[in-house]
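[1] sequence? don't have it. structure:
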């Protein structure tokens, strides 16, 4: 029998005592209220180990008719009453460093009934899990609709049930609402993305609150963390390596078509959807950073303007005045998307972190899902969802209690 939440009042006491059907109840009508403090035994104290269950038992031939345990956060602690109504045992884990209130209704061996309230507290945990949330707060706070949410845990979590507890502690709320999912990249990194891109001009709030909750073993949830971001317009950029043109769309409307050059044979640009990672008005690009030996025919060392980064390994959309004659005609770069200085400046000014850049018709490999930027959008939705510990989609609609 599961615990129930209700108001402890005289009428409830009468109802519960009169309706109980335990085998040891007296056949005669129950007597009036009685002080049941001597009948009720609580296992928990003011220094209860949160890793241990709580038990409530009836002594001296008494019976328990109802047990309700409420945490400091107002949440019920679930538990089960034995069929003989002699004892109750918690089935939910306790939160560390938390206060609890126990409401017990019981009857003595003569059928007289009454209620009592007890309190206990759990000891604080020493092994705590915290989370660093992204995107970080160093940017403007407004991102493109392709920006995934990220969680970097302070500890590795490999236990499947522990991962479920982590996901239960994570909340994502957006206005307008959408549907998304968590993906465990590795033991201490999670990403969240919607099934489709984020709505344009939305507010997105991410929080981790597992305070006192047991994650796995002696690991418990630590400090609360939160992050808020806004999305801008829906910017989608398509780079066609076969036609040698870049198409820039804002909210579904094409704003500009730009002649470009992409990676030449041996340096073909990666296919797939990428997310803008950052922008630099000027950056030094050196062939040695991608494995080209100094002094070789492919070597280069350049100061490049208006560079928009899309991979951590050094793929950019940038100004390439030295290749203007090839732009719109052939692919001659070492993997980046090059355009005129004027076009690169326009692109730089119109683009922000989190915007989407998709390369199609290149002879290069596919964009990696993780590790070289945000390739989350190249993972089919069903596969993305399968890497959630809870295995179900998440609604970002605000909940009411």
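    Yep, it's here. Here the structure is a predicted model, which means the values were calculated and not measured.
[2] quick one, what contacts residue 334?
    Contacts for residue 334 were tallied using C-beta atoms under 8 Å, 6 or more residues apart in numbering; they are 263, 264, 267, 287, 290, 292, 298, 300. Heads up, the C-betas are built off the backbone N, CA and C, glycines and all.
[3] can you pull out the strands in the stretch 51-200 of the chain?
    55-58, 63-71, 79-81, 87-90, 99-107, 113-121, 127-129, 131-134, 142-143, 149-153, 170-175, 179-186, 189-194 (DSSP state E, counting those that start in this stretch).
[4] shaky segments in the stretch 1-150 of the chain?
    Applying pLDDT under 70 to the stretch 1-150 of the chain picks out residues 1-32, 137-139.
[5] coming back round to it: can you tell me which of the contacts of residue 334 lies nearest to residue 52?
    Set against residue 52, the nearest of the contacts of residue 334 by C-beta to C-beta is residue 290 (56.2 Å).
[6] just to revisit the earlier point, buried ones among the contacts of residue 334?
    Those of the contacts of residue 334 that meet the buried threshold are 263, 264, 267, 287, 292, by 16 or more other C-beta atoms under 10 Å.
[7] neighbours of the residue nearest to residue 248 when sequence neighbours are not counted, just the number please.
    Using C-beta to C-beta, 6 or more residues apart in numbering and skipping the chain neighbours, the partner closest in space to residue 248 is residue 256 (4.6 Å). Residue 256 is flanked by 14 other residues according to other C-beta atoms under 10 Å.
[8] Turn the strands of the stretch 51-200 of the chain into TSV, including distance to residue 391.
    Listed next are the strands of the stretch 51-200 of the chain as TSV, based on distance: least, C-beta to C-beta, whole Å:
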stretch	distance to residue 391
strand 55-58	33
strand 63-71	27
strand 79-81	26
strand 87-90	26
strand 99-107	31
strand 113-121	35
strand 127-129	21
strand 131-134	21
strand 142-143	28
strand 149-153	17
strand 170-175	15
strand 179-186	9
strand 189-194	14
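[9] Can you check which of those strands gets nearest to residue 353?
    Across these, residue 353 has its closest neighbour in strand 142-143 (5.5 Å, C-beta to C-beta).
[10] so how far is that closest one from its chain's centroid?
    How far strand 142-143 lies from its chain's middle: 18 Å, per C-alpha atoms, centre = their mean, to the nearest Å.
[11] tell me what it is packed against?
    strand 225-231 (3 or more C-beta pairs under 8 Å, 6 or more residues apart in numbering; DSSP states H and E).
[12] now the helices: where do they sit in the chain?
    10-19, 160-169, 341-350, 381-386 (DSSP state H).
[13] which residues does the residue nearest to residue 197 when sequence neighbours are not counted contact?
    In space, and not counting its chain neighbours, residue 197 is closest to residue 145: 4.2 Å by C-beta to C-beta, 6+ apart. Residues in contact with residue 145 (C-beta under 8 Å, 6+ apart) are 197, 198, 199, 200, 231, 232, 234, 235, 354, 355, 356.
[14] one more time with 7 Å, if that's ok
    197, 198, 200, 231, 234, 354 (C-beta atoms under 7 Å, 6 or more residues apart in numbering).
[15] for the fifth one, what are its contacts?
    By that I understand residue 234. Here residue 234 is in contact with 145, 197, 200, 251 (criterion: C-beta under 7 Å, 6+ apart).
[16] what's the most distant pair in those residues?
    Farthest apart among the contacts of residue 234 by C-beta to C-beta are 197 and 251. That separation is 11.5 Å.
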